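1. Predicted coordinates and the sequence they were generated for:
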Number of protein chains: 2
Amino acid sequence: MQLPLDAELNAIFDEVAGMDAGKVADYIPALREANPDWFGVSLVTVDSHRYDVGDSEQSFTIQSVSKPFAYAMALEKHGIDAVLQRVGVEPSGDPFNSIEFDMTTRRPYNPMVNAGAIMTSSLLDGAAAVDAGFARFAGRALKLDEEVFQSESDSGDRNRAIAYLMRNFGMLEAEVETTLQAYFRQCALLVDARDLATMGATLANRGVNPMTGERAVSGVNVVRVLSAMSTCGMYDYAGEWLYNVGLPAKSGVSGAVLAVMPGQFGLAIFSPRLDSHGNSVRGIGFCKAVSERFSLHLFSPAAVDHSVVRRAYGGDIVRSNRHRLAFQDSALKRLGSTTRVLELQGQLRFGSCEVLSRAIAAELDDAEVMILDFRRVSAVGRSASKLLRAIGEMFEKSPSQVVVAAAPREVAESLGALSFDALADALEWREDQLLERADLEPGPARIPLADVEVLHGVDADLLPMIEAAGTYRRYQDGEMIFNAGDRADRIYFLVEGRVDVVLVMGETFARATTLGPGATFGEMAALYGGARSAGVRAAMPSVCFELEVAELDRLSRDRPGISLQLHTNIGRALANRVGQLSDEVAALRQ
Amino acid sequence: MQLPLDAELNAIFDEVAGMDAGKVADYIPALREANPDWFGVSLVTVDSHRYDVGDSEQSFTIQSVSKPFAYAMALEKHGIDAVLQRVGVEPSGDPFNSIEFDMTTRRPYNPMVNAGAIMTSSLLDGAAAVDAGFARFAGRALKLDEEVFQSESDSGDRNRAIAYLMRNFGMLEAEVETTLQAYFRQCALLVDARDLATMGATLANRGVNPMTGERAVSGVNVVRVLSAMSTCGMYDYAGEWLYNVGLPAKSGVSGAVLAVMPGQFGLAIFSPRLDSHGNSVRGIGFCKAVSERFSLHLFSPAAVDHSVVRRAYGGDIVRSNRHRLAFQDSALKRLGSTTRVLELQGQLRFGSCEVLSRAIAAELDDAEVMILDFRRVSAVGRSASKLLRAIGEMFEKSPSQVVVAAAPREVAESLGALSFDALADALEWREDQLLERADLEPGPARIPLADVEVLHGVDADLLPMIEAAGTYRRYQDGEMIFNAGDRADRIYFLVEGRVDVVLVMGETFARATTLGPGATFGEMAALYGGARSAGVRAAMPSVCFELEVAELDRLSRDRPGISLQLHTNIGRALANRVGQLSDEVAALRQ
């Protein structure tokens, strides 16, 4: 299937293909032989989807597009301070082959002009290390174009002059010719648009190659490389480029332009016709069109997402999966509003975290316990960590306790929060706390049959008849009482222990509900027909009173009141459940 | 309450307050008198929350921080082409008062050095227009410091030289002295940190002042202003600034630094001690600390939010609010999976829209109708519009129909989608379509009482007894059948028309469910006690058969079977509803 972005990129491609101004680089024969009509585009997203248009498999030498990657390797190897001593980061407004240096520091202005790139090459560890570095960015080993390497070396006298001058200043410590060979070799590595887009996507992806999952450079150095590309990547066209296109980019004399949308994608264009600045005419045209069409300029950002709080509700409305008896239910409906749940979503970063901090502050006075559900938080950025810690301090100073569900460990620690795997567990803990405090937690002992909820109010003389018609049965911890799909021939009244209603999900069980003494289960399928829709398993040694439907029918023939009372009570329980579930659906739909 | 970010900003403030290097500007007496210890900070978010620390109310002259705003006004007035003819956008690497010009075009390099700013001032329309422009950015009228204005004018000979040189080149068309007066006056406007932060937040907010809601500059010109600030805003320190701090910024000689985090906030620092570049020492220190502490560097972006699809489910699981009869329910359970619902969330921009396009493509073959629910989409950026159109084209080429709920009109148009106000409405339309196609829609005529669902299977001889015990009643369109809170004394069987179950939300009604012929309502409160939990209103002329509970009890004494059969059927209906609601809760909790 042609995806929408395929269609868009093809449309831009057709538009830009009409631009046939510019001249193929001709300072060495190997470049002069390039077909001026070659035109290939690749875009690789940070989640490793690749879009290709045209001659995206045509290979060419990487030339100056190698500079940001070599700079990344130098930063990784020596650290920022050592590298900054050798190469600056100020844009100079000069052409790529300028022989100008910062007057006070004698450094090349920046790593994207030839002088700075030669200095950068001198800081690397020879061909094998350079090849390994590029392979991490591209996701494959790059071959060398020997012919181009040789010609560059033969015709590289201006670069020789630059290198000797730097050595004269005492800035270049390595051998001039060794350094130049390393530099020429790095420029003569063969790539295609797909490779460059992958290399760019690795920068967009904070240094991790999205295709291989391998880290090529640390996130903090990616930021530095992209900064240098932004101010100096397009030579003396850099200011206008940032102004018009607004993406960090690097061009090369073979006709490549690589643009990076941080956090989103790398985009590579290959088309050998160059303008007077030495930049690919179609490469610039394509990037401008993409930037305009999709409003992708760096300074045209997504606003802070104020929907970080997906929904908020009280513990009186949304409940844990733990089944409660009617008197507990009504207590939780009364007391539960002292629990506030904030379900969070999206990415937690500085802006969204600042919005969150205000949402929490606004609810803090009403919440004895505030549960923050992180299940739908897709990422917690480093930019959020300081504010999370400060939010934790705000909780400490308040009477409110913070609890997190499904949160990364560091987040729970920053907040100083009690942490649960899932929201349902956090809610159950809090409900137990509320019930215990109100002295409403039934003890572990066996209850009499009359205390089973759906038997409340049943005429006193009928109870012994019901008890005589059924049997008590004990289950071991973990024993299945029945399975989903079983024929339903009886109703279960739980008088001791605890059972889980479980759903089979593939090969594992998911706990849907937990029932305690006084609960009835299996009544729906038994009374209203159909097989068991879920399984029930003893969660500890438990005792059920089991009444077969056939026995109930036999009893009802003698005393019709029995069935009616039971049906009325079960109907009432179901009606309550419908009411509670409807409230829950309404809250969840918000 | 002290918000978490208050605490963080105070901590940074205390840290940076220790930096006492640097010298107060002394080229005019008025600046020389500044207290070197003044230190004020304000941060204004794009949703208009302001954080203040220290001397944020201390006023000072705006000086060079006026330049980006004057540039914005010039772009608004003349358009980009005319302005670019007069002032470039290339960083020059030169100090602020440099007398250098682009050799080929004779333009000042950029609008952030004095030469470019004087040129910019010459393009504006006099004091009143300039004051009005600044007032839109600051949200209040700014006063002039007459004394500073006069001193600047008296001591501004270098700027005079620059202006005359530009006039000599034929670049400056206005009168030199008029232009200079306008420039000096603009620099002598009085602001405090709160004003500057608001002005920055206006840029962060795409040109709309978050405090007043007034637009100060178009979004497209904001992008240009921020680009120029990024490459040229900190004079010859701009490259290193972008490298280390990574926020567009502008400094001024009175000791102000304004930094902008696009989409998030404006941050202003005022502290008069300057370093050798003319930038506030504490201003730079504070920005560096904020950038580091919160990882706010421009090139350290939020990754694309891949959680754009909040959840996806079939029309067999989640249903409209329309109550269906059992045979329709089972048909919808069978046919409903040909409807796919994708609930979207967050911001729809280029990256998230590209992810969405792939999610849609993956489901396209399984969905006859795909409903995209936009209710939780907080913004649809311009960067998404082209891709939305392309997604519409993908649907056109597929056998799948696209339907949107709660989407902005432009989005529905881009997609070529059928559009509904709410997801429930879209689902209802689709369910009706499926039922109609399967010939399962009951006609508008009255149905016999025996066809009421909960009376199915009731012994034939009992029905006439039930019918004799109750009454038929007709309701007008819009008539309330009962209200929430009413005493519940009867059960309603709908035999003609349509009724809405409505919840009172403040002063308006919200439709919870719609019922059609064959439905029973009011049975839960009537049979199991309690008042009406919701109101019911006729949605068209309708007829109910109404059975009082007292009559039912009387009947049951004669023929106990009646009550039991009714309770069993109602219990079965409730059990089905519990099952469906549980599935729905499980799907919504995903």
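-> Good, I have the coordinates.

2. which other helices and strands contact the longest strand anywhere in chain A?
-> As assigned by DSSP state E, the longest strand anywhere in chain A is strand A:369-380. The helices and strands touching strand A:369-380, judged by 3 or more C-beta pairs under 8 Å, 6 or more residues apart in numbering or on different chains; DSSP states H and E, are strand A:339-348, strand A:401-405, helix A:409-415, helix A:423-437. (C-beta placed from N, C-alpha, C; glycine too.)

3. Show me what the second one packs onto, helices and strands only.
-> Just to be clear, that refers to strand A:401-405. strand A:369-380, helix A:382-396, helix A:409-415, strand A:418-420, helix A:423-437.

4. want to throw the ones you listed into TSV with mean neighbour count and mean pLDDT?
-> Putting those into TSV (neighbours: other C-beta atoms under 10 Å in any protein chain shown; pLDDT from 0 to 100) gives the following:
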stretch	mean neighbour count	mean pLDDT
strand A:369-380	20	89
helix A:382-396	21	87
helix A:409-415	17	93
strand A:418-420	19	95
helix A:423-437	19	92
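
5. Reformat these as JSON lines; add distance to A:Phe134.
-> Below are those laid out as JSON lines (distance: least, C-beta to C-beta, whole Å):
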{"stretch": "strand A:369-380", "distance to A:Phe134": "29"}
{"stretch": "helix A:382-396", "distance to A:Phe134": "28"}
{"stretch": "helix A:409-415", "distance to A:Phe134": "34"}
{"stretch": "strand A:418-420", "distance to A:Phe134": "43"}
{"stretch": "helix A:423-437", "distance to A:Phe134": "46"}
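
6. Can you pull the poorly scored residue ranges out of chain A?
-> Applying pLDDT under 70 to chain A flags the ranges A:1, A:93-94, A:96, A:301-306, A:442-444, A:504-511, A:589-590.

7. Residue nearest the middle of it, spatially speaking?
-> Nearest to the geometric centre of chain A sits A:Ser378, at 4.0 Å (C-alpha atoms, centre = their mean).

8. Can you get me a residue count around the nearest residue to it once chain neighbours are set aside?
-> Closest residue to A:Ser378 apart from its sequence neighbours, by C-beta to C-beta, 6 or more residues apart in numbering or on different chains: B:Ser307 at 4.6 Å. B:Ser307 has 19 neighbours, counted by other C-beta atoms under 10 Å in any protein chain shown.

9. give me every residue that touches B:Ser307.
-> By C-beta atoms under 8 Å, 6 or more residues apart in numbering or on different chains, the residues touching B:Ser307 are A:Gln345, A:Gly346, A:Arg376, A:Ser378, B:Gln345, B:Gly346.

10. from those, which is closest to A:Ser556?
-> When these are compared for distance to A:Ser556 (C-beta to C-beta), A:Arg376 wins out at 49.5 Å.

11. before we move on, the earlier item: check the contact between the residue nearest to the centre of chain A and A:Gln347; I expect there is one.
-> Yes. The criterion here is C-beta atoms under 8 Å, and A:Ser378 meets it with A:Gln347 at 5.6 Å.
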